[in-house]
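Chemist: let me see the structure of the following:
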Amino acid sequence: MWDKFKRQVQVDLEQISGMFHMHYKLLEKCQTECPNTDEIPAVAAILHSFYTGVENIFKRIAIEIDGLAPTGAMWHSQLLQSMVSSNSKRPAVISHELYEDLQEYLDFRHVFRHAYTFDLKWVKMASLAQRSGDMLHRLENELQVFLKTL
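Modeler: Take a look at the predicted model:
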């Protein structure tokens, strides 16, 4: 069971990484300059997809290990919060520092899903875009440590 679970998490991580690789040029541009008005919605979609991938991994952990499917109006926040805490079935999945950083991506996910693309402001997205590669590496490292405990 755990081998299959670990492979599924690895596939999720590879999909996120593949998305970053696919959009490498745009994300690289964001390191040094402001994207144009056509690129800002694309960057926003990448950030949204990144967090959606992270959340898919966390949902898998919640369902398959904790035995609890996330529900309710605040399930996105509760799911992220649950990953920083240990329980009787598993240790904490991520560190408090990674939790705080991922909270910013969760907050942006909400903005992305409820705003028109012309409302998206680069000044509010720049840091997320510029740190996204580092966030993926940190997530991968912390998940590898977690998966070794299974």
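
Chemist: what's near enough to touch L98?
Modeler: Residues near L98 by Cβ atoms under 8 Å, 6 or more residues apart in numbering: 84, 135, 138-139, 142. Bear in mind the C-beta positions are built from the backbone N, C-alpha and C, glycine included.

Chemist: and it, which of the three is it?
Modeler: helix (DSSP: H, G, I helix; E, B strand; the rest coil).

Chemist: how about the contacts of L98, which pair is most distant?
Modeler: Spatially, the most separated pair among those is V84 and M135, at 15.0 Å (Cβ to Cβ).

Chemist: report all helices and strands that the top helix by length along the chain contacts.
Modeler: Selection of the longest helix in the chain by residue count, based on DSSP state H, yields helix 122-148. Helices and strands touching helix 122-148, by 3 or more Cβ pairs under 8 Å, 6 or more residues apart in numbering; DSSP states H and E, are helix 2-22, helix 24-29, helix 39-61, helix 96-114.

Chemist: show me what counts as buried in the last one.
Modeler: Right, the one you point to is helix 96-114. 98-99, 101-102, 105-106, 108-109, 111-112 (16 or more other Cβ atoms under 10 Å).

Chemist: and Q81, what's its pLDDT?
Modeler: Here, the pLDDT recorded for Q81 equals 97.

Chemist: please apply the same query to E33.
Modeler: With respect to pLDDT, E33 has a value of 96.

Chemist: are we agreed that it is in a helix?
Modeler: No. Counting by three-state DSSP, E33 is located in no helix; its state is coil.

Chemist: what distance do you get for it to T149?
Modeler: In this structure, E33 and T149 are 42 Å apart, going by Cβ to Cβ, to the nearest Å.

Chemist: hang on, the earlier thing: save the helices and strands packed on helix 122-148 as a markdown table, and put in distance to S88 and mean pLDDT too.
Modeler: As requested, those are exported to a markdown table (distance: least, Cβ to Cβ, whole Å; pLDDT from 0 to 100):
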| stretch | distance to S88 | mean pLDDT |
| --- | --- | --- |
| helix 2-22 | 17 | 96 |
| helix 24-29 | 40 | 97 |
| helix 39-61 | 14 | 97 |
| helix 96-114 | 20 | 96 |
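
Chemist: out of those, nearest to R131?
Modeler: helix 96-114 (7.4 Å).
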